[in-house]
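Peer 1: I'll drop the sequence and a predicted model, then ask my questions.
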Amino acid sequence: MTKNKSKYEIFREKTKIILYGTNTILGRMFDLVLLGLILLSVLLVMLDTVEGINQKYHSQLLICEWIITIFFTIEYILRIISIQKPLKYIFSFYGIIDVLAILPMYLSIFFPATNVLTIVRVLRFFRLFKILHIPQISHQSYQLKEALQASKEKILVFIYFVIISAVIIGALMYVVEGKESGFTSIPVGIYWSIVTLTTVGYGDISPATPLGQFLASLVMIMGYGIIAVPTGIVTAEFAKTSLRNSAISTKKTCSKCNAQVHFDNAKYCYQCGKTLPND
């Protein structure tokens, strides 16, 4: 004899269907409302920084922000209590983004300027990929994630090399140019080398001596290579990932709707639900 479920357990199950059930009508409706509120919240934060609008409608904008923040807070709590393993959600990518979306408004009670940081709510638009559930997008995002993970060691070594180079160049420019040209310390020289290596070139400090200008020219040339290297590393890994996945994946065509975005582990058509062929 099965034990009757309590009202709380029934409430948890229904809440989970609405919050996490992207394939249900209520779940999709909630996701659309959520995306709309995220967009509205981001617009409100941006409008609040416009001086003319802020002076006239600051109170109204603040009230709207608090209403949305309370809604997001309730949603965050419900997401925690509606699943079996709440810690898995709390420390997940989406869980961290969700708490960052509500934290600035509560901090603004003690530090008023922090309410502007609610602009981080725009990160919640990453949920759009889960809501749309389009195989092409999911597959490409997975490949990009794999490529970034595969290239992180190379990029870390590269960043280490750039930092060492910036320190050496900054020290050299301090010795060559001195305080007369604005290089008042080695940290200032390092700042200049980073600005020059990244090809930003603010122009607030510039070498005046021929030797300093020669060194600056070398740093500028190095800068173009520094920009290209990490891009090349990620691109190469992305290409390897694409080739590896294409070698082990075979597209399947649905005989009913002719959808052609299914891979070898797919059993049913994502579009019409028909059983896919095994071969």
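Peer 2: Sure, I can see it. Numbers count the residues shown, from 1 in each chain.
Peer 1: residues in contact with Lys240?
Peer 2: Residues in contact with Lys240 (C-beta atoms under 8 Å, 6 or more residues apart in numbering) are Ala147, Ala150. (Each C-beta comes from the backbone N, C-alpha and C, glycine too.)
Peer 1: And the helix or strand containing it, how far out from the chain middle?
Peer 2: Taking DSSP states H and E as the definition, Lys240 sits inside helix 210-248. How far helix 210-248 lies from its chain's middle: 22 Å, per C-alpha atoms, centre = their mean, to the nearest Å.
Peer 1: center of the protein, which residue is that?
Peer 2: Nearest to the geometric centre of the chain sits Leu123, at 6.1 Å (C-alpha atoms, centre = their mean).
Peer 1: Nearest residue to that residue in space, please, no chain neighbours.
Peer 2: Among residues not flanking Leu123 along the chain, Ile97 sits closest, at 4.8 Å (C-beta to C-beta, 6 or more residues apart in numbering).
Peer 1: re earlier: run through the residues that contact the residue nearest to the centre of the chain.
Peer 2: Counted by C-beta under 8 Å, 6+ apart, Leu123 has contacts Ile97, Leu100, Ala101.
Peer 1: Quick check: which helices or strands does the helix or strand containing the first one pack against?
Peer 2: When you say that, I think you mean Ile97. Using DSSP H and E, Ile97 maps to helix 93-107. Helices and strands touching helix 93-107, by 3 or more C-beta pairs under 8 Å, 6 or more residues apart in numbering; DSSP states H and E, are helix 51-81.
Peer 1: where in the stretch 101-250 of the chain is pLDDT low?
Peer 2: Low-confidence segments of the stretch 101-250 of the chain (pLDDT under 70): 129-142, 242-250.
Peer 1: circling back to that earlier point, does the residue nearest to Leu123 really touch Phe126, like I thought?
Peer 2: Yes - Ile97 is within contact range of Phe126, at 6.9 Å (criterion: C-beta atoms under 8 Å).
Peer 1: So for these two, which residue has more residues nearby?
Peer 2: Legend: neighbour count by other C-beta atoms under 10 Å for Ile97 and Phe126, higher for Ile97 (17 against 12).
Peer 1: before we move on, back to that, can you tell me what sits against the helix holding Ile97?
Peer 2: 38, 65-66, 69, 72-73, 75-76, 79, 89-90, 114-118, 120-121, 123-124, 126-127.
Peer 1: Report the buried residues of that helix.
Peer 2: Using 16 or more other C-beta atoms under 10 Å as the test for burial, helix 93-107 gives Gly95, Ile97, Asp98, Ala101, Ile102, Leu103, Pro104, Met105.
Peer 1: Report the inter-axis angle for that helix versus helix 51-81.
Peer 2: Helix 93-107 runs at 130 degrees relative to helix 51-81, counting by axes from the mean of the first three to the mean of the last three C-alpha atoms, to 10 degrees.
Peer 1: Can I get helix 93-107 as PDB, trimmed to CA atoms?
Peer 2: Output in PDB follows, covering the C-alpha atoms of helix 93-107 (Å, rounded to 0.1, in the frame of the first residue of the first chain):
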ATOM      1  CA  PHE A  93      26.200  27.700 -13.400                       C
ATOM      2  CA  TYR A  94      22.600  28.800 -13.500                       C
ATOM      3  CA  GLY A  95      22.200  28.800  -9.700                       C
ATOM      4  CA  ILE A  96      25.200  31.200  -9.200                       C
ATOM      5  CA  ILE A  97      23.800  33.500 -11.900                       C
ATOM      6  CA  ASP A  98      20.400  33.500 -10.300                       C
ATOM      7  CA  VAL A  99      21.700  34.500  -6.900                       C
ATOM      8  CA  LEU A 100      23.900  37.200  -8.500                       C
ATOM      9  CA  ALA A 101      20.800  38.500 -10.100                       C
ATOM     10  CA  ILE A 102      19.100  39.300  -6.800                       C
ATOM     11  CA  LEU A 103      22.000  40.000  -4.500                       C
ATOM     12  CA  PRO A 104      22.800  43.600  -5.700                       C
ATOM     13  CA  MET A 105      19.300  45.000  -4.800                       C
ATOM     14  CA  TYR A 106      19.600  43.700  -1.200                       C
ATOM     15  CA  LEU A 107      23.100  45.100  -0.900                       C
END
